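Colleague: missing the sequence, but the structure's below:
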Ligand code: IPE
Ligand code: IPE
Ligand code: MG
């Protein structure tokens, strides 16, 4: 009998989100400029995206630039914006041929015009991809996304377009920039810090967290497969007891409830 690839036995997370941290320290440890760490990080991004798509992950969300990262030295911010343009231009054919659709969360309008146009072009160019959705978090802040949603609902309520009693979790989520994404199943952070740094606060409510000591440029395809394996061995209880999970009883909050399913891309 033909041997199946190892990943076939695994429970593949539908939505994987990654905090790609440690580029600067990786470079500094080698007496390189921090910017060179970011360039090396871009290589890890390429490999990770391809590995995720080839292994049946439907949604991959990458924290590329946080709302708080604007506080970094101008030179570093500009280099990151240039790398983003490079990525958008160089990778677009490959992404399209892999069936990957690119999406953005965060405040795209805050980016410099050239970067914004390159990203918008990438989104248009890959719009027909149906194998995996690659979401780039750009000028993204989790709290900001929640507050913006609350503000949008308040405006609609004042105009009489929405009743307060209509607002439930799925209704609220539709106002967020993550509206087309399902909840996060697996959240990975490289770089050794054990914090979430304002990433997907609402969407990671029941995510499994994996913190890795390696720096982002050291992340290779096998690292992703190892994290998926670790995820596969975890028991997600969603508030129930372990015995209930084993018996297959439903959770009060059912992550597979159809109303929480992301709309078709
Ligand atoms: C993550 O690496 C990349 C971005 C924030 C854009 P860092 O640049 O934060 O690397 P460290 O944490 O300083 O090593
Ligand atoms: C989080 O990393 C943001 C990205 C990876 C884009 P940071 O390096 O900005 O996070 P902190 O400052 O260590 O919390
Ligand atoms: Mg960092």
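Modeller: Alright, I've got the coordinates. All of these numbers come straight from a predicted model, not from anything done at the bench. Numbering: from 1, shown residues only. Ligands and ions are numbered 1, 2, ... in the order given.
Colleague: What residue in the stretch 151-265 of the chain comes nearest to ligand 2?
Modeller: Ranked by CB to the nearest ligand atom, the top residue of the stretch 151-265 of the chain for proximity to ligand 2 is residue 197, at 3.6 Å. The way it works is simple: take the backbone N, C-alpha and C, and place the C-beta from them, glycine included.
Colleague: Who are the contact partners of that residue?
Modeller: Counting by CB atoms under 8 Å, 6 or more residues apart in numbering, residue 197 touches 19, 21, 63, 66, 68.
Colleague: What ranges in the chain fall below the confidence cut-off?
Modeller: For the chain, the stretches flagged by pLDDT under 70 are 1-8, 254-265.
Colleague: That one: strands as residue ranges?
Modeller: Taking DSSP state E, the strands of the chain run over residues 15-19, 59-66, 100-106, 132-140, 186-189, 208-211.
Colleague: so can I have a markdown table of those showing mean neighbour count and distance to ligand 1?
Modeller: Formatted as a markdown table, those follow (neighbours: other CB atoms under 10 Å; distance: least, CB to the nearest ligand atom, whole Å):
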| stretch | mean neighbour count | distance to ligand 1 |
| --- | --- | --- |
| strand 15-19 | 26 | 8 |
| strand 59-66 | 23 | 5 |
| strand 100-106 | 22 | 13 |
| strand 132-140 | 25 | 10 |
| strand 186-189 | 24 | 10 |
| strand 208-211 | 17 | 13 |
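Colleague: circling back to that earlier point, tabulate the contacts of residue 197 (CSV), appending distance to residue 51.
Modeller: Listed next are those as CSV, based on distance: CB to CB, whole Å:
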residue, distance to residue 51
19, 17
21, 19
63, 18
66, 24
68, 28
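Colleague: and those near ligand 2, which?
Modeller: Among those, proximity to ligand 2 is found for 19, 21, 63, 66 (CB under 6 Å from any ligand atom).
Colleague: which of the residues you listed lies closest to residue 44?
Modeller: Distance to residue 44, by CB to CB, is smallest for residue 21 among the ones next to ligand 2 among the contacts of residue 197, at 11.6 Å.
Colleague: Hmm, residue 189 and the closest one touching each other?
Modeller: Yes. Under the criterion of CB atoms under 8 Å, residue 21 makes contact with residue 189 at 6.0 Å.
Colleague: what residue is smack in the middle of the protein?
Modeller: residue 61 (1.8 Å; CA atoms, centre = their mean).
Colleague: Tell me the spacing between that residue and residue 136.
Modeller: 8 Å (CB to CB, to the nearest Å).
Colleague: Next, show the common contact partners of these two.
Modeller: residue 105.
Colleague: OK, contacts around the residue lying closest to residue 204 once chain neighbours are set aside?
Modeller: Nearest residue to residue 204 in three dimensions, chain neighbours excluded: residue 184, at 4.5 Å (CB to CB, 6 or more residues apart in numbering). Counting by CB under 8 Å, 6+ apart, residue 184 touches 15, 16, 17, 61, 200, 203, 204, 207.
Colleague: Repeat the analysis, applying 7 Å as the threshold.
Modeller: Residues counted as contacts of residue 184 (CB atoms under 7 Å, 6 or more residues apart in numbering) are 15, 17, 200, 203, 204, 207.
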